[in-house]
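Student: model this:
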Amino acid sequence: MKKLILICTLLTAPAAFGLENYVITSNNTITNIENNTPDIIEVHEMTTIMNEKNTVIVECKKEGKGKFYLTSDGKKSEFDMNISKNKTELKTSGNYTCYILDTAPGVFELDPPPAAATKKRISPKGLTSIEIKIGDEDK
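Tutor: The predicted structure follows:
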C-alpha cells in the first residue's frame, strides 16, 4: 500500500535530461539526513500514513555529482549520485532499497491488508443481484 501511494503521489517528477528522482526506503527509522550538495540535489523526508519515518525522496536539480548521508539505526550511510544528460546513477554503502520515480519499476506486489481490517468488512445480506427477462411474459 505504501509503495502504491508513494508512486501515485510522485508521478509529477521531471524526467528531462536524465534527471531521475529516487525514493529510498529503509527497514528502520531514518534519524538524520545530511545533504552536502544542496545546489545539485534535494533530499526530503517523507512521513507515511503510519507515521514511519523510513522513506526519503531525492530530487535532482541539475547535472553534476551529489553526495548525501542518511543515518538509520545508529549507522551513517553514504550516497553518491552522478547526474548527466542521459542518466542518473546512485551508489550507496548502506542497506536501503532505492526506486527510480521516473521509470516503471516492473512487476511488484502490493502488501495485503492487515488481518484486522479484513475481519471488520461488512458483507451484504439478502438480495445481491436480480435477473429480469424481458419479453417472456407472453409465453
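
Student: CA atoms for contacts and neighbours, from now on please.
Tutor: Will do.

Student: for this structure, give me the ranges with low pLDDT.
Tutor: Along the chain, the parts satisfying pLDDT under 70 run over 1-18, 102-111, 113-139.

Student: quick one: the helices in it?
Tutor: Secondary structure of the chain (DSSP state H): helices located at 2-9, 115-119.

Student: okay, and the beta partners of T25?
Tutor: Assessed by DSSP bridges, T25 has beta-bridge partners T55, T97.

Student: need the strands for the protein, in chain order.
Tutor: Listed in chain order, the strands found in the chain under DSSP state E are 22-25, 30-35, 41-46, 55-60, 64-72, 75-83, 88-92, 97-100.

Student: got the contact list for the residue lying closest to I24 once chain neighbours are set aside?
Tutor: Counting by Cα to Cα, 6 or more residues apart in numbering, I24 lies nearest to C98, which is 4.5 Å off, once chain neighbours are set aside. Contacts of C98 were listed using Cα atoms under 8 Å, 6 or more residues apart in numbering, and they are Y22, V23, I24, T25.

Student: how does it look with 10 Å?
Tutor: Residues counted as contacts of C98 (Cα atoms under 10 Å, 6 or more residues apart in numbering) are Y22, V23, I24, T25, S26, T55, V56, I57, L90, K91, T92.

Student: quick check on those residues: which are buried?
Tutor: Buried residues within those, counting neighbours by 16 or more other Cα atoms under 10 Å: Y22, V23, I24, T25, S26, T55, V56, I57.

Student: may I have stretch 78-95 exported as CSV, CA atoms only?
Tutor: Extracted in CSV, the C-alpha atoms of stretch 78-95 (Å, rounded to 0.1, in the frame of the first residue of the first chain):
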residue,chain,number,x,y,z
GLU,A,78,26.9,7.5,2.2
PHE,A,79,25.1,8.0,-1.1
ASP,A,80,26.8,9.2,-4.2
MET,A,81,24.9,10.4,-7.3
ASN,A,82,26.3,11.1,-10.7
ILE,A,83,23.7,13.1,-12.8
SER,A,84,24.3,13.5,-16.5
LYS,A,85,22.2,14.4,-19.5
ASN,A,86,21.4,10.7,-20.3
LYS,A,87,21.1,9.1,-16.9
THR,A,88,21.4,9.3,-13.2
GLU,A,89,23.4,6.8,-11.2
LEU,A,90,23.0,6.2,-7.4
LYS,A,91,25.6,4.3,-5.4
THR,A,92,25.1,3.5,-1.7
SER,A,93,27.0,1.9,1.1
GLY,A,94,24.1,1.0,3.2
ASN,A,95,21.2,-1.4,3.4
